[in-house]
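In: Can you look at this prediction? I've put the sequence above it.
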Amino acid sequence: MTRYGCLLAALLLIHVSLALGEEAFVEPAAGTKPHIVMILVDDWGWANVGYHRDTPTKEVQTPNFDALCKQGIELDQHYAYKFCSPSRSSLMSGRLPIHVNMKNLGPDVYNPKDPVSGFAAIPRNMTGIASKMKLGGYATHHVGKWDAGMATPDHTPTGRGFDTTFGYFHHDNDYYTEVAYSCAYEKHNYNNIVDLWQTDGPAVGKNGTIYEEEMFKQHVLDILGNHSVETPLFLYYAPHIAHTPLEVPQSYQDRFSFIPDKTRLMYHAMITFLDDVIGNLTEMLHKRDMWNNTLIIVSSDNGGPEYAGGGANNFPLRGGKLSNWQGGVRVNAFASGGLIPTAMRGTKYDGYIALADWYATFCSLAGVDKHDERASAAKLPPVDGLDMWPVLSGQNMTSPRTEIPLSPGLISGDYKILVSRMMQAGWTGPQYPNKTNPAGGIKASMNCSKRNCLFNIKEDPEERKNLADSMPEVLKHMQERHEVWEATSFNPNRGSAWPEACQTALEKYGGYWGPFLP
């Protein structure tokens, strides 16, 4: 049976269940709103989860992710940006990256000539999804990586609407010391600035205590354990795993000692650690009797890093993180939880969904308008996100999203156009990195700038056949659509690293990163 056939059958099952009076799906009581748990995994490779392995391998041990996906809807055409900060900016703002942020800048950049957009990540006057959820009566919490701005209190998670936050601002930090990057102030370089923040100040005394993801796990479980279940919950958990540095407790390394490649061993061990965290999270939802009224969305922020030292594997997709090949932008994702109707569980959906779409979807479930008046007043791009709840609930199986700008590049209908020189223009094998390429890194490249490259990604998901010469009319149409999108590109001058960020970390926060402007 085709995917569409499976989905049609699922829709018929809804009618059959209702006709027989079976308890297939219970709508929440009038006036109640669902709990929502958004989990954004970092640098998660396509082949680094069990449900993407047609042939099981003991290297991939993700029983909890696999079970959640099986209980929900596998989102087979879910897209993110090719690297971290733009994806996170998109999720939190509801804009496609082309309309909010396409740069992976450090959170310490600042352009004093632009008080609205002269910062890293999300412009100051865009409304975050947590602010919208609070309007809908939700308790809002963030745990883990932020990477969506830090310059002012407005740019922090609490400034974007979260009641509490516990995490870090940069692309990454050390899993054991929480030290992140270096900074310069008064001709001195400082290499031991800690990046760990809790709600309204540095998480003093918590850095350097235990493995960071264990600390995040405990915080997530505390939130769930202490939450008043009568109040709708919006929990955004953004694990550090599996971003570098590749670090994980020895007990998890020991479980994968049979893997000869150290980088691959560490990466798989980290994913399994996170899988155990997911098991603890879902167990707590059941224990608190929250599961039946909870929607869980799980996604990666980009494809897995297949470059040297990254450790991930996107087999059989082409390329990886930092590229616009499918391995860089088509990501692991699924929807689960008791809110998913019974007939939709165990299905695979191949309509397009972008990270920005969850903003509109969550607003819809919260009963609030997705329109961003504050951004409109500042003449910033409007919300792009489209409501995907009709799809998840089985009401309408046609995705409202038909195009996804890659900047540069575009997905439109069944086709994808690439318009620049493409690195990582190759494929890995089932086990990667391996003896053939122990350091990792795909060396091949493909020039799509002078003569753009065209692929039918529905018929050719591995992007092996360039159709540019054989389908000139489709190529021309895609080029025209790409130009339309590029004309709307939002690309302000965000400035450069600001010395006061380092000074503030040292003098105000006692060696911790934090907001450095009022």
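Out: Noted; the coordinates are in hand.

In: how about the helices of the stretch 1-150 of the chain, start to end?
Out: 3-20, 63-71, 84-93, 129-135 (DSSP state H, counting those that start in this stretch).

In: Spit out the contact partners of the nearest residue to residue 108 once chain neighbours are set aside.
Out: When the adjacent residues along the chain are set aside, residue 108 lies closest to residue 501, with 3.6 Å between them (CB to CB, 6 or more residues apart in numbering). The way it works is simple: take the backbone N, C-alpha and C, and place the C-beta from them, glycine included. By CB atoms under 8 Å, 6 or more residues apart in numbering, the contact list for residue 501 reads 107, 108, 110, 151, 183, 513, 516.

In: what about residue 501, which SS state?
Out: State at residue 501, reduced to three classes by DSSP: H, G, I helix; E, B strand; the rest coil: helix.

In: Please report how far it lies from residue 193.
Out: Distance, residue 501 to residue 193, using CB to CB, to the nearest Å: 10 Å.

In: Touching both of these two, which residues are there?
Out: Common neighbours of residue 501 and residue 193 (CB under 8 Å, 6+ apart) are 183, 513.

In: Could you name the helices and strands sitting against the longest helix seen in the chain?
Out: In terms of residue count, the longest helix belonging to the chain (DSSP state H) is helix 262-287. Applying 3 or more CB pairs under 8 Å, 6 or more residues apart in numbering; DSSP states H and E, we find helix 262-287 packed against strand 35-41, helix 63-71, helix 212-226, helix 250-255, strand 294-300.

In: next one: that helix to chain centre, how far?
Out: Put simply, helix 262-287 sits 17 Å off its chain's centre (CA atoms, centre = their mean, to the nearest Å).

In: change the start of the numbering to 172 and stick with it
Out: Taking 172 as the first residue, the last one we looked at is helix 433-458.

In: That helix vs strand 465-471, what angle?
Out: For helix 433-458 against strand 465-471, the angle by axes from the mean of the first three to the mean of the last three CA atoms, to 10 degrees is 170 degrees.

In: Pretty sure residue 510 sits against residue 208.
Out: No. The pair residue 510 / residue 208 is not scored as a contact, 10.5 Å apart, by CB atoms under 8 Å.

In: between the two, what contacts are shared?
Out: 465, 466.

In: Make JSON lines from the helices and strands packed on helix 433-458 and add mean neighbour count to it.
Out: Shown next, in JSON lines, are the helices and strands packed on helix 433-458 (neighbours: other CB atoms under 10 Å):
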{"stretch": "strand 206-212", "mean neighbour count": "25"}
{"stretch": "helix 234-242", "mean neighbour count": "19"}
{"stretch": "helix 383-397", "mean neighbour count": "19"}
{"stretch": "helix 421-426", "mean neighbour count": "14"}
{"stretch": "strand 465-471", "mean neighbour count": "24"}
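
In: what's the closest of the ones you listed to residue 613?
Out: For these, the distance to residue 613 is smallest for strand 465-471, at 18.5 Å, taking CB to CB.

In: strand partners of the closest one, parallel vs antiparallel please.
Out: strand 206-212 (parallel), strand 504-507 (antiparallel) (DSSP bridges).

In: Now do the helices for the stretch 472-621 of the chain: every range, in order, please.
Out: Under DSSP H, counting those that start in this stretch, the stretch 472-621 of the chain gives helices at 497-500, 528-537, 544-548, 560-563.

In: can you give me the angle the second one makes with helix 255-264?
Out: Right, the one you point to is helix 528-537. 20 degrees.

In: measure the residue nearest in space to the middle of the chain to residue 319 for me?
Out: In the chain, the C-alpha nearest the mean C-alpha coordinate belongs to residue 472, at 2.9 Å (CA atoms, centre = their mean). Distance from residue 472 to residue 319, counting by CB to CB: 11 Å.

In: quick one: contacts for residue 256?
Out: 272, 274, 275, 276, 291, 292, 318, 319, 342.

In: Buried by neighbour count, from the residues you listed: which ones?
Out: 272, 275, 276, 291, 292, 318, 319, 342 (16 or more other CB atoms under 10 Å).

In: which one of these is nearest residue 349?
Out: Using CB to CB, the buried ones among the contacts of residue 256 come closest to residue 349 at residue 342, 13.6 Å.
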